[in-house]
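1. Task: produce atomic coordinates for the following.
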Amino acid sequence: MDFVEGDGKTFERGVNYYECGIYKVFKRLDAEKYVHFFCLADYSDANISGYGFTRSQAIGFGAPMCDHRYLREYKTPRGWPSDDLAEYKNKKYP
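-> Take a look at the predicted model:
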């Protein structure tokens with residue numbers, strides 16, 4: 001993972017994850033198509049913690065990385081239904 005310094009306008013700080021332990025377990029079980037349900041919990045976690053959170057791609061949706069971005073004064077979208085999320089629209093599987 002890499003820490004990403006924000007520009008103060010589009011986001012304050014971010015983290016790029018290149019590997020995911022949950023994904024690795026599900027892949028080993030030949031069930032990686034279900035991982036994205038765990039990824040959606042990040043939205044609830046951010047709402048509970050009071051952070052503004054967004055992501056345009058996620059490993060659980062078939063992307064090469066997860067790009068978590070944290071913003072001030074941003075209303076974190078609900079994770080469900082996932083159809084409106086950028087990471088869902090960019091998914092790499094049917």
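
2. can you give me the helices in this structure?
-> Under the criterion DSSP state H, the chain contains helices at 21-28, 36-39, 41-49, 86-89.

3. tally of neighbours for the residue nearest to Phe3 when sequence neighbours are not counted?
-> Closest residue to Phe3 apart from its sequence neighbours, by CB to CB, 6 or more residues apart in numbering: Val15 at 6.0 Å. Every residue, glycine included, has its C-beta placed from N, CA and C. By the other CB atoms under 10 Å criterion, the neighbourhood of Val15 contains 15 residues.

4. before we move on, the earlier item: looking at the helices of the chain, which is nearest to Arg55?
-> For those, the distance to Arg55 is smallest for helix 86-89, at 5.4 Å, taking CB to CB.

5. Give me the average confidence score over the closest one.
-> For helix 86-89, the mean pLDDT works out to 82.

6. Tell me the helices and strands packed up against it.
-> With contacts taken as 3 or more CB pairs under 8 Å, 6 or more residues apart in numbering; DSSP states H and E, helix 86-89 sits against strand 52-55.

7. so what secondary structure elements neighbour the strand it packs on?
-> Applying 3+ CB pairs under 8 Å, 6+ apart, one finds that strand 52-55 contacts helix 41-49, strand 66-71, helix 86-89.

8. Pick the most buried one from the ones you listed.
-> strand 66-71 (a mean of 20; mean count of other CB atoms under 10 Å).

9. List the contacts of that one.
-> 4, 6, 10-17, 20, 39, 42, 46, 51-60 (CB atoms under 8 Å, 6 or more residues apart in numbering).

10. Can I have the buried ones of those as a ChimeraX selection?
-> A single ChimeraX command selects the buried members of these (16 or more other CB atoms under 10 Å):
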select :11,12,14,20,39,42,46,51,52,53,54,55,57,58,59,60
